[in-house]
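A.B. asks: let me see the structure of the following:
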Amino acid sequence: MGRLDGKVALITGGARGMGKSHVRHFVAEGARVVFGDLLDDKGAYVAAKLGDESCRYLHHDVTSEADWDAAITLALEAFGSLDVLVNNAGILTFAPIADMPLADFRRVLEVNAVGCWLGMKAVIGPMTKAGGGSIVNVSSIEGFTGAAGLSAYSASKFAIRGMTKAAAQELGQFGIRVNSVHPGGVLTRMVLDQAESGRDGERFLGSMPLRRFAEPAEISRLVAYLASDESSYSTGSEFVADGGVLSGPGY
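C.D. replies: Presented below is the predicted three-dimensional model:
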């Protein structure tokens, strides 16, 4: 018996990093998964390894309403319903405010915040028809505190916190739960790129009581819990998995 037996999930940004981990973990827990990304070769490879009975991939730009409609349609046609949305897709641009072009700032907000909002909007109909569901919005510890060079990313992740709470207020009447997950440092390509771009990785690591970065699977287990019926009384809540970074001074 898997934690997600009988669930159908839609996961964004699933071709690599945390998203790929979520897709694999959800399938291992018994879910059938539709996932999207812009990295079609990588996404198709992940889907092929998991098999059509459990997993389908599609090209999905989270800023496109048409792409959201296509993802919902695929989930319903392939697996018959939609129970879970994981808004995982996101991008990061590292630059001081003084040096960041406006277009870059807007692009981060468009993908991370508007993409999340469009996803919640798109699943209301099918989840209401199914009698409820769970939306898990992936924010960050940067949704709680700012970091130099991450003004756009922080703005988008703070926005996800607020949207999560507003959506929980609106959608509870339909049996739809909405929660946010706030990872700290996770060993993904995006985090490694961020470190290479100038952020002091040693100082960040030193601020963690656990003194290590997370493996993607450690975040996936938390996301799966929120997607499952085991978290049935949790909505509008924030779940932090940061190695203790936010527990005290030092970051």
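A.B. asks: ok, now how distant is the residue sitting furthest away from the middle of the chain from Ala159?
C.D. replies: Distance from the C-alpha centroid of the chain peaks at Ala98, with 28.8 Å (C-alpha atoms, centre = their mean). Distance of Ala98 to Ala159, given as C-beta to C-beta, to the nearest Å: 22 Å. For every residue, glycine as well, the C-beta is placed using N, CA and C.
A.B. asks: so in the protein, where's the weakest helix or strand by average pLDDT?
C.D. replies: The weakest-scoring helix or strand in the chain, judged by mean pLDDT, DSSP states H and E, is helix 189-196 (a mean of 55).
A.B. asks: helix or strand for the spatially closest residue to Met208 that is not a sequence neighbour, which one?
C.D. replies: Distances taken as C-beta to C-beta, 6 or more residues apart in numbering place Gly243 nearest to Met208, at 4.0 Å, with adjacent residues excluded. Gly243 belongs to no helix or strand when assigned by DSSP states H and E.
A.B. asks: now for Gly243, how many residues are close by?
C.D. replies: Neighbourhood size, Gly243 [other C-beta atoms under 10 Å]: 23.
A.B. asks: cool, Ala48 as well?
C.D. replies: 11.
A.B. asks: ok, now the one 4 residues further on?
C.D. replies: Applying the criterion other C-beta under 10 Å, we find 10 residues in the vicinity of Asp52.
A.B. asks: and Gly172, by the same measure?
C.D. replies: Gly172, neighbours per other C-beta under 10 Å, totals 14.
A.B. asks: can you pull the phi/psi pair for the residue lying closest to it once chain neighbours are set aside?
C.D. replies: Leaving aside its chain neighbours, Gly172 sits nearest to Thr235 (5.9 Å; criterion: C-beta to C-beta, 6+ apart). Main-chain torsions, Thr235, degrees, to the nearest 10: phi -150, psi 150.
A.B. asks: what pLDDT does Thr235 get?
C.D. replies: On pLDDT, Thr235 comes in at 98.
A.B. asks: that one and Gly90, how far apart?
C.D. replies: From Thr235 to Gly90 the distance is 22 Å (C-beta to C-beta).
A.B. asks: also Glu215?
C.D. replies: 18 Å.
A.B. asks: okay, those two: which has more neighbours?
C.D. replies: More crowded of Glu215 and Gly90, by other C-beta under 10 Å: Gly90, with 25 against 14.
A.B. asks: checking that one next. Helix, strand or coil?
C.D. replies: Put simply, Gly90 is coil when judged by DSSP: H, G, I helix; E, B strand; the rest coil.
A.B. asks: got a pLDDT number for the closest residue to it other than its chain neighbours?
C.D. replies: Spatial nearest neighbour of Gly90, excluding adjacent residues (C-beta to C-beta, 6+ apart): Asn112 at 4.6 Å. Looking at Asn112, its pLDDT is 98.
A.B. asks: ok, Trp117 touching Met163?
C.D. replies: Yes: in this structure, Trp117 is within contact of Met163 by C-beta atoms under 8 Å, at 5.8 Å.
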